[in-house]
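> Fold the following.
(one chain, ligands or ions: 1)
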Amino acid sequence: HKTQVESNRCPDAALLFLEDIIGEGGFGVVAKCRNTDTNKTVAIKINKSEAGILQQAVEEIAILKRLRCLNPDTCNIVRWDGFFFHKENICMTFELLDQSLYHYLQEQHTRGLTMGELKPILHQLATALAHLHSTETVHADLKPVNVMVVNRDQHPIQVKLIDFGLACPVSEVKQGACFGTVWYSAPEMLLGVPFKESFDMWSLGLIMAELILGCHLYPGKTVYDVLRFMVETQGQTPRWRFKSPEDMYYQYGFYASDTRDIKLKSLDEIEQYMEQDVELEKDRKMLVSLIKSMLNMDASKRIMAREVLQHPFFDPSIPESSSANAGEILAHTENHEGNTSPSISCRRQREFNRRILHPVTFCCGL
Ligand SMILES: Nc1ncnc2c1ncn2[C@@H]1O[C@H](COP(=O)(O)OP(=O)(O)OP(=O)(O)O)[C@@H](O)[C@H]1O
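Below you'll find the predicted structure:
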């Protein structure tokens, strides 16, 4: 495997003193290490030496190299300092960050975050995605555990995107490819339709909803349940009709289950979960409008990251009347053609789609 990648920086592993294990998963561990030479602490992702994991590490390194053109600080992306081998393990060195957004949210005394925190977080994540997408790369696994807070004591907090293990160039996305985390997956991936940068925008919309609600918006145990929650909250799309839990039970003996802490009848209800100060009303409405534009079921109509950054939500000088609806703003921009939740099993995707969608409509896709 050593021949597959060329290690460009190979520090003497003896100089690295392991202080703590700060992350763990199927891939291996993330360790906090101190370089005894420079006395600097870093995060080292130590991948297991199994064939599949090695291959994924090689692909992650290829993506990290592709992103080298981006400034990690101004682009809100974790700084990568190269990789080296320790025995048969590929080790990647990253700047050490503080804690995930998921853990940050858990630690808050309020249910969700305040507007003073939501606004900079959305701006920074949209900045990260705008730059990532400018390199024609899709992250494909955006979720609160893959967003890190740089320093929880800093105000406003600074966040950075991590984990490019599932990221891929847009040109290499294959029809029917499905992976990642079901709760944050856009409908096009769950239905096996090709996806692109707009996929990340869906996940960003869900992250923002979660930061407001203090819980997941679509935490289904199965792909069917996740899609059902979307339809119950956002309505049926005109092109396909979703089978009801009763249809599923009578036809296949499949039990749907409800695992939601909060059930919304529409995305507009998100506003009720934000701080209710009168002076924040304009911001509340604009943020909900932005979330709705990110959670557009039709990927081709979803707002893109650079458009989020241009939205009046981030410009206090724009009068209220011109910031009513992100959808209206979109109509004047170019056409966009084109931790621990369950992961997707690809093999049964086609069969699954046949089961949950009425056949005639499934052929249409989204
Ligand atoms: N630069 C970093 N600084 C501090 N902690 C980190 C850093 N990178 C990763 N971690 C921690 O390690 C965990 C796993 O890292 P990462 O997400 O890169 O691996 P992964 O293989 O994709 O894991 P998962 O299966 O959870 O997606 C993160 O959730 C985070 O808690």
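> Domains in this protein, by residue range?
Domain assignment of the chain by the TED database yields the ranges 16-95, 99-314.
> what about the shortest one and the ligand, touching?
Yes - using CB under 6 Å from any ligand atom, we find that domain 16-95 touches the ligand at 22, 23, 25, 26, 27, 30, 43, 45, 78, 94, 95. C-beta: built from backbone N, CA, C; applies to glycine.
> Which strands and helices lie in contact with the helix or strand encompassing residue 52?
Following DSSP states H and E, one finds residue 52 within helix 51-66. The contact analysis (3 or more CB pairs under 8 Å, 6 or more residues apart in numbering; DSSP states H and E) places helix 51-66 against strand 41-47, strand 89-95, strand 168-169.
> Please name the residues that touch residue 157.
With contact set as CB atoms under 8 Å, 6 or more residues apart in numbering, residue 157 has these partners: 104, 117, 120, 121, 149, 150, 151.
> Kindly report the residues of the stretch 101-250 of the chain close to the ligand.
So far as CB under 6 Å from any ligand atom goes, the stretch 101-250 of the chain lies against the ligand at 145, 146, 148, 162, 163, 165.
> Narrow those residues to those in strands?
The strands, defined by DSSP state E, take in residue 148 from these.
> between the residues of the stretch 101-250 of the chain next to the ligand, which is nearest the ligand?
Comparing these against the ligand with CB to the nearest ligand atom places residue 163 closest, at 3.5 Å.
> burial count for the closest one?
Counted with other CB atoms under 10 Å, the neighbours of residue 163 add up to 22.
> quick one: contacts for it?
141, 146 are the contacts of residue 163 under CB under 8 Å, 6+ apart.
> Where does the stretch 1-150 of the chain get nearest to the ligand, residue-wise?
Counting by CB to the nearest ligand atom, the stretch 1-150 of the chain gets nearest to the ligand through residue 23 (1.9 Å).
> How about the backbone phi and psi for the residue nearest to that residue when sequence neighbours are not counted?
The shortest distance from residue 23 to any non-neighbouring residue, by CB to CB, 6 or more residues apart in numbering, is to residue 30 (3.4 Å). With angles defined as degrees, to the nearest 10, residue 30 shows backbone torsions of phi -110, psi 120.
> Show me where the stretch 101-250 of the chain dips below the pLDDT cut-off.
In the predicted model, the stretch 101-250 of the chain carries pLDDT under 70 at residues 175-178.
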